[in-house]
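S.K.: below are the sequence and a predicted model; questions follow.
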Amino acid sequence: MARRIADLTTESLDALLGERAVVALVPVGSVEPHGPHLPLGTDTVISEAAIARAATLLEGDPSRPLFALLAPAIPYGVTCFAEGFAGAISVPAAALTAFARAVVEGYLAAGFSHVCLVNNHLEPAHDAAVRAAVAGLAAGRASVACPLSRRWGRTLSPEFKSGACHAGRYETSLVLAAAPATVNTLAAAALPDLDVSLSDGIKAGKHSFRAMGLDHAYTGAPARATAAEGDELLDRLGTMIATEVLESLASI
């Protein structure tokens with residue numbers, strides 16, 4: 001379990017900063033519908049759970065001794081595709097970029113060696129806004145870890161790679177592993193498989209879940225989800241985060 005910055009005292013954090021390099025891992029998510037079975041905060045839940053796996057990897061690397069800490073989340077994002085559903089809370093891309101940039105710069109000014117924004121809300125405009133938040137910073141100071149990039153997407157499940165993965169088997173499995181009490185398993189079991197690729201819909205110029213035919217804000221196969229699959233996927237996402245951090249640090 002990663003140590004949480006919010007749980008530390010100023011004295012205990014100061015001691016860590018004085019001992020070795022410290023990395024802040026900042027979960028980025030959204031408040032948006034994920035079908036009738038997953039919580040509105042699903043993307044943040046996934047980011048936080050993946051960070052816990054990454055922290056273990058980062059602190060266990062003898063080649064670069066460091067502390068990896070779980071920072072308080074940035075839980076709001078650009079959620080235009082979910083417009084019209086209860087709980088779709090969207091912020092402008094420019095506002096997200098400015099806020100995330102200020103958070104990153106705040107940690108760096110406070111003595112952290114590196115900040116990684118860990119994003120699991122995969123709306124393209126949101127991903128672009130998050131990446132813009134670290135643009136132009138000095139090499140090695142900040143990074144973004146997100147499975148939307150082809151490098152990491154191809155390491156994940158077949159459903160993820162198909163694009164039919166919003167609140168489907170992929171995300172439902174992850175939340176079953178990370179926060180099972182938040183999943184309405186009866187509702188998930190009753191949902192039919194949907195083979196609607198979000199990536200194909202976006203390429204076709206569609207700009208909302210409803211336009212793609214996602215009347216219940218999900219696609220994929222949530223009924224097929226398992227905690228075991230989610231546990232394996234969290235390991236892969238943890239590897240993604242740790243690799244992005246270490247490669248960025250190596251560029252200094």
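M.R.: Great, that's in hand.
S.K.: need the per-residue pLDDT for residue 114.
M.R.: On pLDDT, residue 114 comes in at 98.
S.K.: which residue, other than its chain neighbours, is closest to it?
M.R.: Counting by C-beta to C-beta, 6 or more residues apart in numbering, residue 23 is the residue found nearest to residue 114 once chain neighbours are left out, at 4.6 Å. Heads up, the C-betas are built off the backbone N, CA and C, glycines and all.
S.K.: again, but for residue 142
M.R.: Setting aside the residues directly before and after it, residue 142 is nearest to residue 134 in space (C-beta to C-beta, 6+ apart), at 4.1 Å.
S.K.: give me the residues contacting stretch 91-102.
M.R.: By C-beta atoms under 8 Å, 6 or more residues apart in numbering, the list of residues contacting stretch 91-102 from outside reads 26, 28, 74, 76-78, 117, 125-126, 128-130, 132-134.
S.K.: now with 6 Å, please.
M.R.: Contact partners of stretch 91-102, identified using C-beta atoms under 6 Å, 6 or more residues apart in numbering, comprise 74, 76, 78, 125, 129, 132-133.
S.K.: how about stretch 134-151?
M.R.: The contact list for stretch 134-151 (C-beta under 6 Å, 6+ apart) reads 104, 108, 115-119, 122, 127, 130-131, 153, 156, 240-241, 244-245, 248-249, 251-252.
S.K.: in that stretch, what counts as buried?
M.R.: For stretch 134-151, burial by neighbour count (16 or more other C-beta atoms under 10 Å) applies to 134, 141-148.
S.K.: residue contacts, residue 27?
M.R.: Taking C-beta under 6 Å, 6+ apart, one finds 44, 47-48, 51, 73, 118 in contact with residue 27.
S.K.: in this structure, spot the helix with the most residues.
M.R.: Looking only at the chain and at elements set by DSSP state H, the helix with the highest residue count is helix 227-250.
S.K.: which parts of it are buried?
M.R.: With burial defined by 16+ other C-beta under 10 Å, the residues of helix 227-250 counted as buried are 227, 229-246, 248-249.
S.K.: residues contacting residue 248?
M.R.: Contacts of residue 248 by C-beta under 6 Å, 6+ apart are 140, 143.
S.K.: apply 7 Å and report the result again.
M.R.: By C-beta atoms under 7 Å, 6 or more residues apart in numbering, the contact set of residue 248 is 114, 140, 143.
S.K.: over to residue 218?
M.R.: The neighbourhood of residue 218, defined by C-beta under 7 Å, 6+ apart, consists of 34-35, 166-168, 191, 194.
S.K.: apply 8 Å and report the result again.
M.R.: Here residue 218 is in contact with 34-38, 166-168, 191, 194 (C-beta under 8 Å, 6+ apart).
S.K.: would you mind putting those into TSV with secondary structure, pLDDT and neighbour count alongside?
M.R.: Shown next, in TSV, are the contacts of residue 218 (DSSP: H, G, I helix; E, B strand; the rest coil; pLDDT from 0 to 100; neighbours: other C-beta atoms under 10 Å):
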residue	secondary structure	pLDDT	neighbour count
34	strand	98	26
35	coil	98	23
36	strand	98	16
37	coil	98	24
38	strand	98	29
166	coil	97	28
167	coil	98	28
168	coil	98	31
191	coil	98	20
194	strand	97	21
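S.K.: widest-spaced pair of the residues you listed?
M.R.: With C-beta to C-beta as the measure, no two of those lie farther apart than 38 and 194, at 14.5 Å.
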